[in-house]
Structures are given as structure tokens and as C-alpha cells.
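Peer 1: pasting the structure only:
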Ligand SMILES: [Ca+2]
Ligand SMILES: [Ca+2]
């Protein structure tokens, strides 16, 4: 008899085991959703039935656990399907000598969740920062790496710090802004008004998601000030020299500590001021992202703020024209280290831009462009792959397909929906494990997980085809605790759940604040973790028994690969959580 069974018998209750656990979605399950908990044991064990009890202890379901292929540290892996329970309430699952945390089934399990993400977005603000109640990074910035404007000051304070460092990228900030606008457009009822435009806790008559999107838009407008100036990045990894909170960031880029930061334009040529260079060869990846974000914003603000909408409309047209003229990618610029955003695709960005410009102008040239770009990259290339370079295929899922679909003919709709189907099929071909997970565990795996779930959701809404529902739910469940470690990958969701207490963040560490709403990078291949520079755990690993497989996760301030909150990933999750928080999900 396995040891944990013996312990259970001896104690007369479910043993507290460090080697086996039942993992669940801690945020909860919608009544009509698939509901599967996962039993994971790092030691071989055979289990029979699992039991579901109500809070009062009454048994309401007993079923055989379904054995599944082992995954990572989970040598013994079983799926515990309790989908037949639809009655809202609180339950507990028991099997193999262990019990689950409280399982919640409720119609409003996701209500307010998308708004919770915004706490982290506000905390990440550059310019006026509501956590510090002061303006941070006031000297941004000076143009570098441009033969015409090098040395020129451009006023680009604003936007969001990308992660726990303070670099800022148009690439991720456009996507973050776009997704928040899209979430509001499609699910306005999921958002409340509790904060003002500066992010302070006072209602201002605007949904908070639009307060946040507008904060992004205003920075992006500064970063694309005229048709001949398209900027891409603020700061570089010289930022990492000091471990400071934003108001007294000591980074020194040659103009003094805490002074101006470098602004990188898109030049269409490889960039990097030091040893390492990127592979930039065009402008379209950035130009397309500006165009799509401004075009959607122009639609959203058309009635509420016509002057703002008109300005963004014009910028969207200009950016799109630049993307047409200079195809190729404008990548992140490396500094002293070899890590940078290595985006290799741009037709997805131009597709999304064309789709939004069609929605905005009804000029059919844009629709034809959008369909043509879509046919050139029907599947986001990480889908089905075992690995990818850092942010090589970005955004993580192509919202352009869905945006075309909204306004296309029924024949084109079929083609576009099939593009999504192909990508989903490739991912699930790798998902025959107990967690039903098929993404590659590269850096920022949680972004891939959120994007897979979002694409599966969009596909389901577009077609009514439920064939990927189990996998969509599994990816969502993974993010909220159905993973080998039993950790919700969003800090503070749910507030009484198990989530990161020690994220890689100077603000969390020095200010002793919880970074509520932050999505973490997430688990990575153990081979990636072992090979990163300057990484080490600062404390004993509380999840050590579950870090024995091919992927690892550490709740440790020293692990910048798995435990660092990310701005764009957090915003990217807002669409799915808004959709699920909507009563009509
Ligand atoms: Ca508000
Ligand atoms: Ca791209």
C-alpha cells in the first residue's frame, strides 16, 4: 500500500502529502463548463474512485479517476471529471489519500476578474504612478541610433513599465492597449468604474479599462509624433544595473543617474549600441501595431471624444502606409545582454491593422489586404512547435482573424475560422497528458496559455464548434491552479488562493505590496532555467517536490524566468476574463 494511503488510514483523515495533490481551478468553474481536477503524484500510485462532497460533508459523486499520461513531475496523473455537477456551491474532491482545496462552482466565478488585472496595470504606470502618487521617469527621452535625430530630446513620458524592469516597448504596449480596447468593445458589462484617469481610487464616469487603455494610447501617440518619426523602445537593459523603485530609478544611460533614457526609433536596420545586435529589417511589425491600436481606438472613441478619435484615425492611416512601404520587423534593441524581443513576424500585425482600418473606414481595399495577409500566416507559428525564440511570434495569438471575421462575408468567415482551427489542432496534438496542455514551455509560457485559451474561445464563439472546449478550459484552469504546483499564476486571483508571495519585483519586495492582478511569466523548461544568466533562488524552494520534471516554477524573488509579472501578458488575459465574466459567456 502506498505510504500516503497508510498515513491517511492512521490519521483517519486525508493526509497532508507533499508528494501528491489534487489540483483545481481556484477561481472556480462556471456551471455549464467542463470541470476536471487533476491528481498529481510524484511517486507511482494507483488510485481508484474519486469522491466529491458538499461543504457539509455529504457525498454527491463517486466516479473512477481516469488515468492519464504522466506529465512533468506528475509520474501518476489522473483526470477527475466532475462536469456533471452543475449546482452552484462549494465542494471538496478526495482520492488517493489527499483532498482538494475548496472547489467553487458559480455563475459569477469570473465576475470582476478582468478588472482585478487592472490593479497591476496601474501599478506599472510610467508618468503619474498612482502607487507612488508621483510622476516617475520624467526625463524621457533622448533619441539614439538614428543618424538624423540622434541626441534629440522627445517628450515620451507615460505608458507602462514592461515587467519588473522599467523598459518600455511599443510592441507590447500596443498589444496591451489593443486587447483592453477589444475587451471593452465586446464585453463592456464586465468592467466597473472605481478609479480615475490617473489611476487613483475615485470614480470618473469612465470604465476603468478605458482609463487604462487611454493611458496607453496617449503614450503611443507620443511615440509616433509625426509621419517621419516612429519610435519603438524606451530604455534598454542598462536599466538592470540598479534594483530601484521607479521614483528613484538610478539607471544611467550616459546622461546621469535617473536622467534621460534612450528612445529607439524604427530604422529598418539591425540595432544595438553595444556588442549584441537585433535582426530588424523593416518597420511593418511596429507600424502595423500602431495602426491597429489607433484604428480600434478611433472606433471606440468616435462618439465619446471625436477630436481624440480623429487624431488617432489619422495616425492609424499614416502608420499603415509606413508598414506597407517598409515590410519587415522592427525588433527590440539589446543593450549589454543578449536578451531582446526577437519578433520575426509582421504580416499578422499588418493583417490586424488592415482589419481595423476596414472596420473604421469601410474601404474594401483594407479588407482585401487583411485577407491576403491572413493567408500568408494562417497559424501563429509557435502553435505546434516545441520551442521559439524570445517573443519570436508575437502577438501570441492573432486577433486579426477574429477582427476580419466580424465584418467578412460568410465564405471568408469559414476560411478565417479554419485558420484558428488549424492552430488549435496543432497545439492539442501535443496535449495528450493529464493536464491537456500542448504549449511549449518557453519563457513567458503563461502568455501562450492565455492566448491558446483566448483563440479557442474566439473559435468557439465564431463557429459554435465545441471540439476544443476541454482544452480551452484546461488552459484556463492551468492559469488558476490546475498545474503541478497548484499555484494561481495571477497574483491575488482568487484573493484567498495559492499564488506567488515572492515575485521577482523590486516594488513588491521593497514596498511590501501585493502586486494584485499581475500575471507571472510562468513555468519554463528546466533546461531554460538552468542556462539563464544570473539566476538563483534566494530561499528554499517550497515547491521542490514538484520541480523534478521537465518544467519548473519557483515562487522566489530570484527567479526572473518563472516568477516575474509581465505587463503585456496581464493585459492579454483581460479579453478572456472579460468574456467569462460576462453573464452571456
Ligand atoms: Ca474610471
Ligand atoms: Ca507580429
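Peer 2: Cool, got the structure. Computed from a predicted structure; not experimentally measured. Ligands and ions are numbered 1, 2, ... in the order given.
Peer 1: Which residues are in contact with residue 549?
Peer 2: By C-beta atoms under 8 Å, 6 or more residues apart in numbering, the residues touching residue 549 are 71-74, 484, 526. C-betas here are computed from N, CA, C, even on glycine.
Peer 1: Mind checking which of these are in helices?
Peer 2: Among the contacts of residue 549, the members found in helices (DSSP state H) are residue 526.
Peer 1: Tell me which two of the contacts of residue 549 sit farthest apart.
Peer 2: For the contacts of residue 549, the maximum inter-member distance is 14.5 Å, found between 74 and 526 (C-beta to C-beta).
Peer 1: Of the two, which one has the most company?
Peer 2: Neighbour count, other C-beta atoms under 10 Å: between residue 74 and residue 526, residue 74 has more, with 26 against 16.
Peer 1: My understanding was that the more buried one contacts residue 484; is that so?
Peer 2: Yes - in this structure, residue 74 is within contact of residue 484 by C-beta atoms under 8 Å, at 5.6 Å.
Peer 1: shared neighbours, the two?
Peer 2: 40, 435, 546, 549.
Peer 1: and the gap between the second one and ligand 2?
Peer 2: Just to be clear, that refers to residue 435. With distances taken as C-beta to the ion, to the nearest Å, residue 435 is found 28 Å from ligand 2.
Peer 1: so that residue touches residue 483, yeah?
Peer 2: Yes - under the criterion of C-beta under 8 Å, residue 435 makes contact with residue 483 at 6.8 Å.
Peer 1: Off-centre distance for stretch 65-83?
Peer 2: Offset of stretch 65-83 from its chain centre (C-alpha atoms, centre = their mean, to the nearest Å): 26 Å.
Peer 1: Without its sequence neighbours, what residue ends up closest to residue 184?
Peer 2: For residue 184, ignoring the flanking residues on the chain, the nearest one in space by C-beta to C-beta, 6 or more residues apart in numbering is residue 209 at 4.8 Å.
Peer 1: Look at the one you found and say how many residues are nearby.
Peer 2: For residue 209, the tally of surrounding residues (other C-beta under 10 Å) stands at 27.
Peer 1: Does it fall in a helix, a strand, or a coil region?
Peer 2: Assigned with DSSP: H, G, I helix; E, B strand; the rest coil, residue 209 falls in the helix class.
Peer 1: For it, give its distance to ligand 2.
Peer 2: From residue 209 to ligand 2 the distance is 24 Å (C-beta to the ion).
Peer 1: what's the distance between that residue and residue 19?
Peer 2: 42 Å (C-beta to C-beta, to the nearest Å).
Peer 1: hang on, isn't the residue nearest to residue 184 packed against residue 575?
Peer 2: No - Residue 209 lies out of contact with residue 575 (C-beta under 8 Å); the separation is 10.4 Å.
Peer 1: Could you name every residue contacting both of these two?
Peer 2: Residues touching both residue 209 and residue 575 (C-beta under 8 Å, 6+ apart): residue 183.
Peer 1: What mean pLDDT does the host helix or strand of residue 179 get?
Peer 2: Per DSSP states H and E, residue 179 falls inside helix 170-186. In this model, helix 170-186 has an average pLDDT of 98.
Peer 1: Packing partners of it?
Peer 2: helix 208-223, strand 231-234, helix 284-300, helix 399-407, helix 567-572, helix 574-581 (3 or more C-beta pairs under 8 Å, 6 or more residues apart in numbering; DSSP states H and E).
Peer 1: Tell me which other helices or strands the shortest one touches.
Peer 2: Looking back up the chat, that one is strand 231-234. Packing contacts for strand 231-234, counted by 3+ C-beta pairs under 8 Å, 6+ apart, involve strand 168-169, helix 170-186, helix 208-223, strand 262-265.
Peer 1: Name the stretch among those that sits most buried.
Peer 2: Highest mean neighbour count of the helices and strands packed on strand 231-234: strand 168-169, a mean of 28 (counted as mean count of other C-beta atoms under 10 Å).
Peer 1: Spell out which parts of the stretch 451-585 of the chain neighbour ligand 1.
Peer 2: Not one residue of the stretch 451-585 of the chain sits near ligand 1, judged by C-beta under 5 Å from the ion.
Peer 1: Mind jotting down where the strands sit in the stretch 451-585 of the chain?
Peer 2: Assigned by DSSP state E, counting those that start in this stretch, the stretch 451-585 of the chain shows strands spanning 524-525, 551-552.
Peer 1: Dump those strands to TSV, plus mean pLDDT and mean neighbour count.
Peer 2: Listed next are these as TSV, based on pLDDT from 0 to 100; neighbours: other C-beta atoms under 10 Å:
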stretch	mean pLDDT	mean neighbour count
strand 524-525	97	22
strand 551-552	97	26
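Peer 1: and this structure, which of its residues are near ligand 1?
Peer 2: So the chain meets ligand 1 at 193, 195, 204, 206, 208, 211 (C-beta under 5 Å from the ion).
Peer 1: if we take the shared contacts of residue 74 and residue 484, which one ends up nearest to residue 87?
Peer 2: residue 435 (25.8 Å).
Peer 1: Was I right to think residue 299 contacts residue 360?
Peer 2: Yes - assessed by C-beta under 8 Å, residue 299 is found in contact with residue 360 at 5.4 Å.
Peer 1: sorry, back to before: tell me which of the helices and strands packed on helix 170-186 sits nearest to residue 313.
Peer 2: Short answer: helix 284-300, nearest of the helices and strands packed on helix 170-186 by C-beta to C-beta, at 4.1 Å.
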